[in-house]
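Asks: Just the structure for this:
(one chain, ligands or ions: 1)
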Amino acid sequence: MKAFPILGLALGLTLAGCMSTTTTVVGPDYAAASGLPRATMVRVSTSGEPAKQLFGPVKSASAQAPESFGGFSKGCLAGAAQLPETGPTWQAMRLSRNRNWGHPALIDFLERLSAKAARQPGWAGIYIGDMSQPRGGPMSSGHASHQIGLDADIWMLPPARLNLTATERENLSSISMRRAEGAYVNEKWTRQHMEVIKAAASDPAVARIFVFPGAKVQMCKDATGDRSWLRKVRPWWGHHYHFHVRLACPAGDRSCVDQAPPPPGDGCKDAEGWVDRILNPPPPDPNARPVPPKPPITLADLPSQCASVLGAR
Ligand SMILES: [Zn+2]
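Replies: So this is what the prediction gives:
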């Protein structure tokens, strides 16, 4: 019974917090009362609320000039454009997530890439997974990045047709390309996958592509002629059901923060290192300390323009 007055106090502080910018941290009792895991600490207040809870529910873009603010994993997007759900050479998947939004530069890129993919045997175009939320920002689930309208996931499943219904787009699954935890590609991987990724990497708007290590190593083996496009293709965890394309900040978006460019060279040695660590994992470091979970990103953590993006019509 003793816990109740304390919980009441915490809630009272929380409500009072709505009037100010005070951040109230409430503990396990509040978490339990909220149906959250008991160990969760919850920050509640106008300024301290996780930004994903503010950006996640917004259904439409801001009526502002298009601009990306901040970095790929800490930012937002003004004046987003919505990728049409179906185009001549693409379909957006999982429409219920409402993540087919991006900077107009991303929409343009996806149109270009899909037209090139459609020239590959067996590819009617591309199936496009998550892009950004209508105003960018941290996502309600999944993805640390995808926040400024310049990231898009492209499915590895070659589209056989582009007339999937909305229900089919909820239920159809992509296919994995990996074998041995990502050290190698599996038998589903084709030359066409490389050609589509090469087309994406060769586009001047693209800064980076993330794909599982075995795919990068395979492309390093198979690429002939100009290999400079391989530099942009970087090994990463996951990314065997889709590859992830990241555009560079569009010219003129002065508050958009680019990632440092990939190191010079084709990155093939680096990819072999990833594969080697998959096949021969180093022994666990006995001195490793558990990494404390990062607190959720709040509106105050984002570039100051993001408050007006959120508040705009
Ligand atoms: Zn992604």
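Asks: And stretch 149-165, how far out from the chain middle?
Replies: Its chain's C-alpha centre and that of stretch 149-165 lie 15 Å apart, by CA atoms, centre = their mean, to the nearest Å.
Asks: Ok, stretch 299-313 next?
Replies: With CA atoms, centre = their mean, you get 19 Å for stretch 299-313.
Asks: residue in the stretch 51-200 of the chain nearest to the ion?
Replies: residue 153 (4.2 Å; CB to the ion). For the C-beta atoms, the positions are set from N, CA and C on the backbone; glycine is no exception.
Asks: That residue: what secondary structure?
Replies: Secondary structure assignment for residue 153 (DSSP: H, G, I helix; E, B strand; the rest coil): strand.
Asks: what about the spatially closest residue to it that is not a sequence neighbour, neighbour count?
Replies: Nearest residue to residue 153, sequence neighbours excluded (CB to CB, 6 or more residues apart in numbering): residue 129, at 3.6 Å. By the criterion of other CB atoms under 10 Å, residue 129 has 21 neighbours.
Asks: Now for residue 129: which residues touch it?
Replies: The contact partners of residue 129, taken as CB atoms under 8 Å, 6 or more residues apart in numbering, are 93-94, 152-155, 174, 242.
Asks: Between the residues you listed, identify the one with the most neighbours.
Replies: residue 152 (29 neighbours).
Asks: What residues does that one make contact with?
Replies: Residue 152 neighbours (CB under 8 Å, 6+ apart): 102, 106, 109-110, 128-131, 244-245.
Asks: With residue 184 instead?
Replies: Applying CB under 8 Å, 6+ apart, we find residue 184 in contact with 178, 214, 217-218, 275.
Asks: Run through the bridge partners of it.
Replies: Residue 184 has these beta-bridge partners by DSSP bridges: residue 179.
Asks: any idea how far it lies from residue 155?
Replies: 20 Å (CB to CB, to the nearest Å).
Asks: now do residue 197
Replies: 12 Å.
Asks: Let me see the ranges of the helices in this protein.
Replies: Per DSSP state H, the chain carries helices over the ranges 3-17, 28-33, 51-55, 104-117, 166-171, 191-201, 213-222, 268-279, 305-311.
Asks: Residue numbers of the chain in contact with the ion?
Replies: 153, 244 (CB under 5 Å from the ion).
Asks: Most proximal residue of the chain with respect to the ion?
Replies: In the chain, no residue comes nearer to the ion than residue 244, which is 3.6 Å away by CB to the ion.
Asks: For that residue, give me its contacts.
Replies: 151-154, 209-211, 236.
Asks: now swap in residue 250 and tell me
Replies: 68, 103, 105, 150, 205, 256.
Asks: In the stretch 1-150 of the chain, where is pLDDT below threshold?
Replies: Within the stretch 1-150 of the chain, the stretches with pLDDT under 70 are 1-47.
Asks: Next, find the distance separating the most centrally placed residue in the chain from residue 184.
Replies: Closest to where the C-alpha atoms of the chain average out (CA atoms, centre = their mean) is residue 146, at 3.6 Å. According to CB to CB, residue 146 and residue 184 sit 28 Å apart.
Asks: what does residue 101 give?
Replies: Distance from residue 101 to residue 184, by CB to CB: 35 Å.
Asks: possible to save the contacts of residue 244 as TSV with pLDDT?
Replies: Output for the contacts of residue 244, formatted as TSV (pLDDT from 0 to 100):
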residue	pLDDT
151	98
152	98
153	98
154	98
209	98
210	98
211	98
236	97
